[in-house]
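A.B. asks: sequence and computational prediction follow.
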Amino acid sequence: MQLEGSCHCRAVTFSVEAAAPVPFCRCYCEVCRKVGGSGGFGINLGADFTTLKVAGQAHVRVYRAKIDGAASRAERSFCGECGSALWLWDPRWPDLLHPYAGVIDTDLPVPPVRSHILLASKAPWVPVDLGAGDRVFDGYPDESLAVWHARLGVAG
């Protein structure tokens, strides 16, 4: 599925192909909460980095979070004009891009169930809105987003 996205001020627009476009996972870690905002959690999608096309690249900035005192290898891209979190890319998985669902302008499929991850670092004020069949994890889930999509038979 082709995804179209943009920051709030539209200085950055992008498109990317996503085989795993269903926003299945809510990440409650401190980094996602703070850089991605929205409801106390971040929602990332899975896309093919090699298909990323960006207009307004000059406005894209990169943040490398400090996790346990060390700089993360993951690059969290955001708009330098309005601050919108755009996507995450990690050199350990160079073909994979994780756009933030909140900046996707394409209508996304509604997930039949969700995974709520990294609940051990959830902010105490954030409620976890569990649906029937949702799964919860204090850390990372026991399946990748590609496996989740395949298991439920949902894909782009």
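C.D. replies: Looks like it came in fine.

A.B. asks: tell me which stretches of the protein form strands.
C.D. replies: Per DSSP state E, the chain has strands spanning 2-6, 13-17, 25-27, 47-48, 53-55, 60-63, 66-67, 70-71, 75-79, 85-89, 96-99, 115-117, 135-136. These are given in chain order.

A.B. asks: of all the ones you listed, which one comes closest to Asp107?
C.D. replies: strand 2-6 (10.0 Å; C-beta to C-beta). All C-beta atoms are positioned from the backbone trio N, CA, C, and that covers glycine.

A.B. asks: follow-up on the earlier one: mean pLDDT for the strands of the chain - can I get that in CSV?
C.D. replies: CSV is the format used below for those (pLDDT from 0 to 100):
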stretch, mean pLDDT
strand 2-6, 97
strand 13-17, 98
strand 25-27, 89
strand 47-48, 95
strand 53-55, 98
strand 60-63, 97
strand 66-67, 85
strand 70-71, 88
strand 75-79, 96
strand 85-89, 95
strand 96-99, 94
strand 115-117, 93
strand 135-136, 95
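
A.B. asks: give me the contacts around the lowest-mean-pLDDT helix or strand in the chain.
C.D. replies: Comparing helices and strands within the chain by mean pLDDT, DSSP states H and E singles out helix 30-36 as the least confident, with a mean of 81. The contact list for helix 30-36 (C-beta atoms under 8 Å, 6 or more residues apart in numbering) reads 40-44, 63, 65, 67, 72, 76, 78, 85, 100, 102, 118, 121, 123, 126.

A.B. asks: the residue most central in space within the chain and Ala58, how far apart?
C.D. replies: To find the centre residue of the chain, average its C-alpha atoms and take the closest one (C-alpha atoms, centre = their mean): that gives Asn44, at 1.7 Å. Asn44 sits 24 Å away from Ala58, going by C-beta to C-beta, to the nearest Å.
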